[in-house]
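Enquirer: build me a structure from this.
(2 chains)
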Amino acid sequence: GAVVSQHPSRVICKSGTSVKIECRSLDFQATTMFWYRQFPKQSLMLMATSNEGSKATYEQGVEKDKFLINHASLTLSTLTVTSAHPEDSSFYICSARDQGLRTDTQYFGPGTRLTVL
Amino acid sequence: GENVEQHPSTLSVQEGDSAVIKCTYSDSASNYFPWYKQELGKGPQLIIDIRSNVGEKKDQRIAVTLNKTAKHFSLHITETQPEDSAVYFCAASITGTASKLTFGTGTRLQVTL
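Expert: Here you go, the predicted structure:
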């Protein structure tokens, strides 16, 4: 299957700082990427849909000013957690949509573990 | 919106036995049903998917069945191995409309020796 990478895999930061997470589709172009958040032993919660060249679409209850999303190219989307607080600690996972003539599939990155002290 | 229910939440089988995980969905417009395997500390990995124009799909030890009338789909793993131990998520979406996935709550599969 297609490959999606995330960087960093793990980050620890102090409360009040901002953290940027990168999501890259390595062998296909993705006009659409998704950002999820996952708490321990829970399912994936969609935070936002990232669209190349346009503004992201946020799910209800997700603060767009806190979770900044930029999708500047067909292979890269970034999520910036601004002014992070301990309650933002979580596992953040991106996915990229591989959409072609005969396919429409989401491939996930390996995730980023964020710990805010 | 779409709602996906998944059962069981935990499943323990002996190595070599079969495992079945079931999901139901609410939106009859959903037409794409992927299954993901997630190992501890990793992102979900697509293992098989099925679209609404077929009723069954198989890939080696893994198979998925879809009943559109009843709005449910199932994952079947035969000849389970210890490395099959993981959390499995089903999902549903409507392709062509940004393809947002709605996930089930997950099934923790434990394959014992």
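
Enquirer: up against chain A, what does chain B have?
Expert: B:32, B:34, B:36, B:41-46, B:49, B:89, B:95-96, B:98-101, B:103-106 (Cβ under 8 Å from any Cβ of the partner chain). From N, CA and C alone the C-beta is placed, and that goes for glycine too.

Enquirer: where does chain B have low pLDDT?
Expert: Filtered on pLDDT under 70, chain B yields the residue ranges B:97-98.

Enquirer: closest point of it to chain A, which residue?
Expert: The minimum distance from chain B to chain A, using Cβ to the nearest Cβ, falls at B:Gly43 (4.1 Å).

Enquirer: distance of that residue relative to A:Arg102?
Expert: 24 Å (Cβ to Cβ, to the nearest Å).

Enquirer: again with A:Pro40
Expert: 37 Å.

Enquirer: strands of chain A, residue ranges please.
Expert: Assigned by DSSP state E, the strands in chain A fall at A:4-7, A:10-13, A:19-25, A:32-38, A:44-51, A:57-58, A:67-73, A:76-81, A:90-99, A:104-108, A:112-116.

Enquirer: I'd like these as a markdown table, with distance to B:Lys57, mean pLDDT and mean neighbour count appended.
Expert: Formatted as a markdown table, the strands of chain A follow (distance: least, Cβ to Cβ, whole Å; pLDDT from 0 to 100; neighbours: other Cβ atoms under 10 Å in any protein chain shown):
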| stretch | distance to B:Lys57 | mean pLDDT | mean neighbour count |
| --- | --- | --- | --- |
| strand A:4-7 | 23 | 97 | 18 |
| strand A:10-13 | 36 | 97 | 14 |
| strand A:19-25 | 25 | 97 | 20 |
| strand A:32-38 | 24 | 96 | 24 |
| strand A:44-51 | 23 | 93 | 21 |
| strand A:57-58 | 31 | 94 | 16 |
| strand A:67-73 | 32 | 92 | 17 |
| strand A:76-81 | 30 | 96 | 21 |
| strand A:90-99 | 18 | 94 | 24 |
| strand A:104-108 | 13 | 90 | 22 |
| strand A:112-116 | 32 | 97 | 18 |
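
Enquirer: could I get those as a markdown table with distance to B:Ser85?
Expert: What follows is these, written out as a markdown table (distance: least, Cβ to Cβ, whole Å):
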| stretch | distance to B:Ser85 |
| --- | --- |
| strand A:4-7 | 23 |
| strand A:10-13 | 23 |
| strand A:19-25 | 27 |
| strand A:32-38 | 19 |
| strand A:44-51 | 19 |
| strand A:57-58 | 35 |
| strand A:67-73 | 33 |
| strand A:76-81 | 30 |
| strand A:90-99 | 19 |
| strand A:104-108 | 19 |
| strand A:112-116 | 21 |
